[in-house]
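Chemist: Pasted the sequence and its predicted model underneath.
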Amino acid sequence: MAPTSLVLDSRGQIVWSLLPEILADFNIDMSVVGDEIVSFIEPTDILEVCRTLRENSSLEFDYLRCLSVVDYIERLEIVYHLFSLSNRYKVVVKASVSPEDPLAPSVVAVWPGADWFEREAHDLFGVVFEGHPDLQPLLLYDGFEGFPGRKNFPFHEYDEW
């Protein structure tokens, strides 16, 4: 299987050829966006896919560059930007959750640096990362109501000047 719009460098081509075999036990949909491979997975598979990507000796995705959430109104998309320091590979993993019940497994056990990323996503978007050791507010105060990262959060119109 070859990417539709081939803009991958040689490392990206290697990852493109390895991922379907390594993640054969999971339902994944791969595409190329810019110069990165984007793999869409089921939210229930997040922890095992991430653990597999980190522990597989051919890939070794040992660095979580970023974890973010995007609000598409009908769904929240959790985005994991991964990097292999030894192989210099990169990949993006995405999973969609319902805004009404935004549950996803925590990846803090895979990458401890995910702690603050998940806390920020919880504060701003309301995603509950099951198994996270401490989802206390990171950016907002205790008792803050609503999720200001979501598109439906009411901001009051005002003029600064």
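Modeler: Structure received.
Chemist: Only C-alpha atoms from now on, for both contacts and neighbour counts.
Modeler: Will do.
Chemist: Would you map the helices across the chain?
Modeler: 10-22, 46-55, 114-125 (DSSP state H).
Chemist: Please enumerate the strands of this structure.
Modeler: 29-33, 36-41, 63-71, 76-83, 90-97, 103-105, 128-130 (DSSP state E).
Chemist: Could you save those strands as TSV and add columns showing mean pLDDT and mean neighbour count?
Modeler: Listed next are the strands of the chain as TSV, based on pLDDT from 0 to 100; neighbours: other CA atoms under 10 Å:
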stretch	mean pLDDT	mean neighbour count
strand 29-33	96	17
strand 36-41	97	21
strand 63-71	98	18
strand 76-83	98	21
strand 90-97	98	21
strand 103-105	98	19
strand 128-130	98	17
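Chemist: any chance of those in JSON lines, with distance to Gln136 too?
Modeler: JSON lines is the format used below for the strands of the chain (distance: least, CA to CA, whole Å):
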{"stretch": "strand 29-33", "distance to Gln136": "33"}
{"stretch": "strand 36-41", "distance to Gln136": "27"}
{"stretch": "strand 63-71", "distance to Gln136": "17"}
{"stretch": "strand 76-83", "distance to Gln136": "19"}
{"stretch": "strand 90-97", "distance to Gln136": "21"}
{"stretch": "strand 103-105", "distance to Gln136": "16"}
{"stretch": "strand 128-130", "distance to Gln136": "11"}
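Chemist: Out of those, which is closest to Glu48?
Modeler: strand 103-105 (9.4 Å; CA to CA).
Chemist: what's the closest one in contact with?
Modeler: For strand 103-105, the external contacting residues (CA atoms under 8 Å, 6 or more residues apart in numbering) are Pro43, Thr44, Ile46, Leu47, Val97, Val127, Val128, Phe129, Glu130, Gly131, His132.
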